[in-house]
Structure formats: structure tokens, C-alpha cells
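Undergrad: please work out how this folds:
(one chain, ligands or ions: 1)
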Amino acid sequence: MTTKTHSSAELIALSETYGANNYHPLPIMVSRAEGVWVWDPEGKKYMDMLSSYSALNHGHRHPRIVEALKQQADRCTLTSRAFHNDRLGPFLEKVVKLCGMEMALPMNTGAEAVETAIKAARKWGYKIKGVPDDKAEIIVFDNNFHGRTTTIVGFSSEAQYKDGFGPFTPGFRLVPYGDLEAVKGAVNDNTVAILVEPIQGEGGIIIPYEGYLSDLTALCKEKEMLLILDEIQTGLGRTGKLFAYQYDEGAGPDMLILGKALGGGIYPVSMAVSSKEVLGVFNPGDHGSTFGGNPLGCAVGIASLDVLIEEDLPGKAYRSGEYFMNAIRSMNSPHVREVRGKGLLIGVEIKRESGVARPFCEKLMDEGILCKETHESVIRFAPPLIISREEMDFALEKVKKVLC
Ligand SMILES: *Cc1c(COP(=O)(O)O)cnc(C)c1O
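TA: Purely as a prediction, here's the structure:
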């Protein structure tokens, strides 16, 4: 059967009949995509302003990344880590140098890279810092999002993420985001790490006070803890810098977690990047993944990073973000409480008296603009970083129609 025999409505019915109901997508079926645009089977065109939660920073099907995928698919796709593959070394070198770090451990999904960071931090705590067995603690934040494994949802502050999935992994301390004193109060001799998002993306585009990450960096140095930044959503150009933490001059992470756009919107590729001291704690057999570091993913990852740098996607995101945010602010919409963001990670918060964000997203969909609400009251605009001025103007016209 090909998709040609089904209408959008029939295809949606099929997924709903045979798929677990763990998502609530907008009722739009995508069957073709290019750049910032997607098409449904009936040929209707929409602009993608969600970018698969920032996995599509390069846009849909960037030709250089597709070409890298095709060439690698014709040579070798998988070896497992039982053997070496000739794409892994060059990819690791590129990522590590770009991050100014020393070593990396490749995985596939974001949640796996977060799990990797947690395992590394705990083992570093026991072997290097000297924390007593099974006592390691990691500080995490209210409103965090780090993925959906049982360990990770166990330290979520979102009741629904946890409901029905316990018992949970111990060893995590939740404190309010953007409150340095709260972090200081949670630190003890067994604290091995602080795990934090530079901007909380799923949490509603929450930006902490300026200097927060420098303050956490200093605290980590003082108390011999690792500062682990989850840049899965904010990294690789999204916020107008290569990494969001680079807005804060005094910030110095001990570990970076990357995912999403690392795979160029084509293939799942993730990574924990850190020092020899930290990732050096892993010995053969301690950790692994059958597909992690596979040659297809590495080839795609190399091309994604090359495109990111050569096309200056961080710079583009910075300039486009300023333009887009200023344009929405100047609409003076009666429904908008605040427009906030960095680069092209933008949240438009709807006033309480105007209801929740989803109906606005549905109206935008009818106008051909795809975006998704986050945390009930916030419309997230996060288009591919390659978006042109003309494409932004097209979107802004529709946004004005819906918001004003
Ligand atoms: C998406 C995301 C993750 C999880 O990545 P998956 O690939 O969905 O497992 C973790 N942290 C942040 C900040 C994310 O945005």
C-alpha cells in the first residue's frame, strides 16, 4: 500500500487505531517536506514553525545532509561498537573541538544522552570525588524537561509525566529554576552535579536571570560538582549562538548534552561531551548502545555540523529572532502578555483572559502556519534557522491575522 491510496483523514484514523495514544497532534498529515515547508497528501502547503522541537534547525531535507546520508548508505550503515567504523573518529573530533571539550560518548536520542550524563556524573562522583557508594545526588530544577525514561521522569516536577510510572530512581533534588540560593541550600557533600537547561524550552521558554549560569559555574567549582548543561533543544544555533550558555561569559560547563539538530533533522544522533576526567570513568562494558556512533549517524552528524558552521546558522537565528520578536511585539496584540526568547526559540505568552494557547495554534494551522503550544498558555515559534525574510513576513502576516 502506498500513501497515495489514503486521504489525510484515513491516515490519521489508521494511526489512531493502531498507535498508542501518547500524543495529541494537530490534525494535519505531512507527506512531503522541503526547507521550512511541508505538504499534506492533498497538496496543501504549510510552514513548519515548530521544527520538530528544534531537531530541524537546518530545515527539512537539507540537500548536503541528504547527500551525506545517501553516500554513506551506499557504503556502510552499521557495525555496532563491536568493531570500529571509519566515520566515528572524525565525527567525535569535530563535535569535541566545536564544544571546546576533550571527549564524547555518542548515543541516539536525547534521553539516552541525558542518561549517559547521569551515569558519568555518578561514577565520577564515586571514583574521583570520593562520594560514598550509592549516595550521589544530582540537583535538577522545577519545570525541567530532559526526556521520558523512567529515571528522567522520576525527577520531573510535572505530575502527568510521572503518574503511573513509579517507583522512581532516587538521588535527585528538585529546586526552583533561576534561584541561586535554593541551589546552595540543596548542595551537600554527596552532590555530584547540577543538571540544567540554559533556557527551559518545554517549560514554556523560561529564561533565567542574566549571569545564572556563571553563578552555577562558580558554585560547582567551589563545591567540586559538575555543571551539566542540557543543550539538546537550545544548542547548535537555535538561540542565536552555537550554544545558549555562550550568552553568559562566565559560564563554563563540565559536560554538554547534545541531540535533536545534531542529526540534521534526518537521523537520531545524540552525544554527551565532556572532559577526559569525567568520560574517562567509563570502562568497556559500563555503558553502550547498538546504534550509538553508527556510521550513517556519524556521516549525517558531520554534514549537519559543517552546514551549521558554513551557513552561519547561529548568526542567522540571532538576526531572524530579533526581527520576528520585534514584529510580534509591535503588533500590540490584545491577547499577548509577553513575547520572549533568544534567537529563534520564541515564546508568545497568551493573557489569562484570552484563554489557552491551543485554539490560537489551531487558527494558525488553518492559515497554513504550524506551531505548537507549550505549557498551556505559550505559543512556541521555533522555525528552521534557514528561514528567509520573505518567509518570516508571510508567517507574520498570518500571525497578525490570528492574534489581532
Ligand atoms: C527533546 C529534549 C530531550 C529529549 O530528547 P529525545 O530525543 O526526545 O529523547 C531532552 N532534553 C531537552 C532539553 C529536550 O528538548
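Undergrad: report the buried residues of the strand or helix carrying L14.
TA: Secondary structure assignment for L14, by DSSP states H and E: helix 8-18. By 16 or more other Cβ atoms under 10 Å, the buried positions in helix 8-18 come out as S8, L11. For the C-beta atoms, the positions are set from N, CA and C on the backbone; glycine is no exception.
Undergrad: beyond it, next helix or strand please.
TA: As assigned by DSSP H and E, the chain's next helix or strand after helix 8-18 is strand 32-34.
Undergrad: how about low-confidence regions in this structure?
TA: Within the chain, the segments meeting pLDDT under 70 span 1-4.
Undergrad: residues from this protein in reach of the ligand?
TA: For the chain, the residues in contact with the ligand (Cβ under 6 Å from any ligand atom) are 53, 109-111, 114, 145-147, 197, 201-202, 230, 232-233, 259-260.
Undergrad: and those, which is closest to the ligand?
TA: For the residues of the chain next to the ligand, the minimum distance to the ligand (Cβ to the nearest ligand atom) is 2.1 Å, reached by G110.
Undergrad: go ahead and confirm that closest one touches L262.
TA: No - checked against Cβ atoms under 8 Å, the pair G110 and L262 is beyond contact range at 9.3 Å.
Undergrad: by neighbours, which of the residues of the chain next to the ligand wins?
TA: Of all these, the highest neighbour tally under other Cβ atoms under 10 Å goes to I232, namely 30 neighbours.
Undergrad: for stretch 386-404, buried residues please.
TA: Neighbour-count burial for stretch 386-404 [16+ other Cβ under 10 Å]: I386, I387, E391, M392, F394, A395, L396, K398, V399, V402, L403.
Undergrad: equivalent analysis for stretch 46-56, please.
TA: Y46, M47, D48, M49, L50, S51, Y53, S54, A55, L56.
Undergrad: pretty sure the second one sits against L370.
TA: Yes - using Cβ under 8 Å, M47 makes contact with L370 at a distance of 6.6 Å.
Undergrad: tell me, what's touching these two both at once?
TA: By the contact definition Cβ atoms under 8 Å, 6 or more residues apart in numbering, M47 and L370 are jointly contacted by V38.
Undergrad: would TSV of the buried residues of stretch 386-404 with distance to S354 and secondary structure be doable?
TA: As requested, the buried residues of stretch 386-404 are arranged in TSV below (distance: Cβ to Cβ, whole Å; DSSP: H, G, I helix; E, B strand; the rest coil):
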residue	distance to S354	secondary structure
I386	32	coil
I387	26	coil
E391	27	helix
M392	24	helix
F394	24	helix
A395	20	helix
L396	19	helix
K398	18	helix
V399	15	helix
V402	12	helix
L403	9	helix
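Undergrad: now render these as TSV, adding distance to R319.
TA: Converted to TSV, the buried residues of stretch 386-404 look like this (distance: Cβ to Cβ, whole Å):
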residue	distance to R319
I386	12
I387	11
E391	14
M392	10
F394	17
A395	16
L396	15
K398	21
V399	18
V402	24
L403	23
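Undergrad: just the CA coordinates for the helix holding L14, please, in CSV.
TA: In CSV, the C-alpha atoms belonging to helix 8-18 read as follows (Å, rounded to 0.1, in the frame of the first residue of the first chain):
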residue,chain,number,x,y,z
SER,A,8,-5.3,12.6,5.3
ALA,A,9,-8.4,11.7,7.3
GLU,A,10,-8.0,8.0,6.6
LEU,A,11,-4.3,8.1,7.5
ILE,A,12,-5.0,9.9,10.8
ALA,A,13,-7.6,7.2,11.6
LEU,A,14,-5.1,4.5,10.9
SER,A,15,-2.5,5.9,13.3
GLU,A,16,-5.2,6.4,15.9
THR,A,17,-6.5,2.9,15.6
TYR,A,18,-3.1,1.1,15.6
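Undergrad: what ranges do the helices span in this protein?
TA: 8-18, 51-54, 63-73, 88-99, 110-124, 150-154, 159-162, 180-186, 212-223, 276-279, 295-310, 313-329, 358-366, 389-403 (DSSP state H).
Undergrad: so which bits of the third one are buried?
TA: Taking 16+ other Cβ under 10 Å as the neighbour-count basis, helix 63-73 is seen to contain the buried residues I65, V66, A68, L69, Q72.
Undergrad: could those be laid out in JSON lines, adding distance to V36?
TA: Formatted as JSON lines, the buried residues of helix 63-73 follow (distance: Cβ to Cβ, whole Å):
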{"residue": "I65", "distance to V36": "15"}
{"residue": "V66", "distance to V36": "16"}
{"residue": "A68", "distance to V36": "21"}
{"residue": "L69", "distance to V36": "20"}
{"residue": "Q72", "distance to V36": "26"}
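Undergrad: closest to the ligand out of those residues?
TA: I65 (17.6 Å).
Undergrad: ok, and the closest non-adjacent residue to the closest one?
TA: Of all residues not flanking I65 in the chain, G264 sits nearest, at 4.0 Å (Cβ to Cβ, 6 or more residues apart in numbering).
Undergrad: how about the one you found, what does it touch?
TA: G264 makes contacts with H58, H62, I65, V300, G301, A303, S304, V307, as judged by Cβ under 8 Å, 6+ apart.
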